[in-house]
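Visitor: Just to be clear, the model below is a prediction. Sequence and coordinates:
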Amino acid sequence: MSWVLAFLGFAVLIILHEAGHFAAAKWVGMRVERFSLFFPPLLARRKVGETEYAVGAIPLGGYVKITGMNPHEELAPEIAHRAYYRQPVWKRIVVIGAGPLVNIVLAFLILWVLFMAANRTEPTPVVERVSGGMPAASVLKPGDRLVSVDGRRGEPVDFQKAISGHDCKGDQRAGCTAQEPAQITFVRGGEPHTVDVSPRFDGQLGRPILGFSFGSRPIGRSGPVAAGGESLHEMWYFTSATVSTVAQLFKAEKRKQISGVVGNYEGVRQQVKVSATRAFYLLAVISLSLGVINLFPFLPLDGGHIFWALAEKIRGRAIPFAVMERAGFVGFALVLVLFMIGFTNDIGRLTGEGFAR
């Protein structure tokens, strides 16, 4: 059942993304030739009015085919005025931007509902668990209360950031030890203690850790306004993380964090087996990532079409299609690189450490 639910979750994300393009195109008067879930070869199709609705055999996405996406396309006079490249720039931007916008709004709505429905907790500075064989095991025990890290007081998230700032010498690789130890001050049995302990880089988390977790305390449910703020904060965190990861592809530890379709699908499937809440949370994150990545300013992604439409508006006349074709070739190569990195990582996880999240 988890396989079916995960598949349906991904199908919904794709359908809603393409439905955004479809609805916007219809709204501004463009002619939509086909609305397809998944890519060809087509398994089923049915024409309703001027639009063909189809299901493809390759479950890697979907597409909306709008008349006149190629400015050199020969069109009948009765439909030529509704072609994509015959429309003003603002209409093209609305149509192309609607798909990513739907994914981003969907991510917000899912997180908003989850934050309002959840009995929330917040971390406390008290150590709840220490992982055996990790650096923390030699100095910390459950029940210890952290006071400061490197002489700085704060909240658990501040302590985590301070520990993560202790990098290894040279390349950051799984299992390497930080060049400089972290100074940990904690209270045990009413007595303060200060020790130096060197974090170890965790390849899966992509940061140095000591190997312990904080406890938590309940703080109740969030109201609509507070839940909205928490959703936006969460979305900003994942957006900045996504952009940072893609921008640093030359770093091996960043490349290892990229997941492909298989990895995201398997992640959702595993969370479905745990709880509906965790599955919906992960779907929200994937929907957000889908929207953000699609806005990257290179073809064939949606952001590439928006970029060239804006360039045309600034230039005051159409961009030569040959220029966009060359840019599209470079963009396609970048997308292919991202796909292959994600696919390779997924294969490694399938045959190695798995998809733990």
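Guide: Good, I have the coordinates.

Visitor: Could you list the low-pLDDT ranges of the stretch 101-250 of the chain?
Guide: 245-250 (pLDDT under 70).

Visitor: show me where it has strands.
Guide: Here the stretch 101-250 of the chain has its strands, by DSSP state E, counting those that start in this stretch, at 120-130, 145-149, 182-188, 191-197, 200-202, 207-209, 212-220.

Visitor: wait, which of those strands is closest to Cys168?
Guide: Ranking the strands of the stretch 101-250 of the chain by proximity to Cys168 (C-beta to C-beta) places strand 200-202 first, at 5.5 Å. No exception for glycine: its C-beta is placed from N, CA and C like everyone else's.

Visitor: can you list the residues that contact the closest one?
Guide: With contact meaning C-beta atoms under 8 Å, 6 or more residues apart in numbering, strand 200-202 is reached by 134-135, 167-168, 172-178, 207-211.

Visitor: Indicate which one of the strands of the stretch 101-250 of the chain is closest to His21.
Guide: strand 120-130 (35.7 Å).

Visitor: Just name whatever secondary elements the closest one is in contact with.
Guide: Applying 3 or more C-beta pairs under 8 Å, 6 or more residues apart in numbering; DSSP states H and E, one finds that strand 120-130 contacts strand 145-149, helix 156-164, strand 212-220.

Visitor: go with 7 Å
Guide: Applying 3 or more C-beta pairs under 7 Å, 6 or more residues apart in numbering; DSSP states H and E, we find strand 120-130 packed against strand 145-149, strand 212-220.

Visitor: Dump the ones you listed to CSV, plus mean neighbour count and distance to Ala44.
Guide: Converted to CSV, the helices and strands packed on strand 120-130 look like this (neighbours: other C-beta atoms under 10 Å; distance: least, C-beta to C-beta, whole Å):
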stretch, mean neighbour count, distance to Ala44
strand 145-149, 18, 58
strand 212-220, 14, 48
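
Visitor: between the ones you listed, which gets nearest to Leu37?
Guide: Nearest of these (C-beta to C-beta): strand 212-220, 40.6 Å.

Visitor: And that closest one, how far out from the chain middle?
Guide: Per C-alpha atoms, centre = their mean, to the nearest Å, the displacement of strand 212-220 from the mean C-alpha position of its chain is 26 Å.

Visitor: mind checking how far the most centrally placed residue in the chain is from Thr242?
Guide: Centrality entry for the chain: nearest residue to the mean C-alpha point is Ser289, 2.7 Å, by C-alpha atoms, centre = their mean. Ser289 sits 5 Å away from Thr242, going by C-beta to C-beta, to the nearest Å.

Visitor: hmm, back to that, most neighbours of all the contacts of strand 200-202, which one?
Guide: Leu210 (27 neighbours; other C-beta atoms under 10 Å).

Visitor: quick check, Tyr53 in a helix?
Guide: No: counting by DSSP: H, G, I helix; E, B strand; the rest coil, Tyr53 falls outside a helix, being strand.

Visitor: my guess is it contacts Arg46, does it?
Guide: Yes: between Tyr53 and Arg46 there is a contact at 5.4 Å, judged by C-beta atoms under 7 Å.

Visitor: In terms of neighbours, single out the busier of those two.
Guide: Tyr53 (14 against 9).

Visitor: List the contacts of Leu334.
Guide: Phe298 (C-beta atoms under 7 Å, 6 or more residues apart in numbering).

Visitor: before we move on, which element is it in?
Guide: Per DSSP states H and E: Leu334 is located in helix 321-351.

Visitor: for the record, mean pLDDT for that helix?
Guide: Model confidence over helix 321-351, given as mean pLDDT, is 70.

Visitor: Next up, the contacts around the residue nearest to Thr124 when sequence neighbours are not counted.
Guide: Distance criterion C-beta to C-beta, 6 or more residues apart in numbering; nearest residue to Thr124, sequence neighbours excluded, is Gly215 at 4.8 Å. Residues in contact with Gly215, defined by C-beta under 7 Å, 6+ apart, are 124, 126, 128.

Visitor: So which of these wins on neighbours?
Guide: Using other C-beta under 10 Å as the neighbour test, these are led by Val126, with 17 neighbours.

Visitor: my guess is the residue nearest to the centre of the chain contacts Ala241, does it?
Guide: No: applying C-beta under 7 Å as the test, Ser289 and Ala241 come out as separate, 9.2 Å apart.

Visitor: Leu283 belongs to a helix, doesn't it?
Guide: Yes: assessed by three-state DSSP, Leu283 belongs to a helix.

Visitor: count of residues packed around it?
Guide: Counted with other C-beta under 10 Å, Leu283 comes out at 23.

Visitor: correct me, but it touches Phe10?
Guide: No: the criterion here is C-beta under 7 Å, and Leu283 misses it with Phe10 at 8.2 Å.
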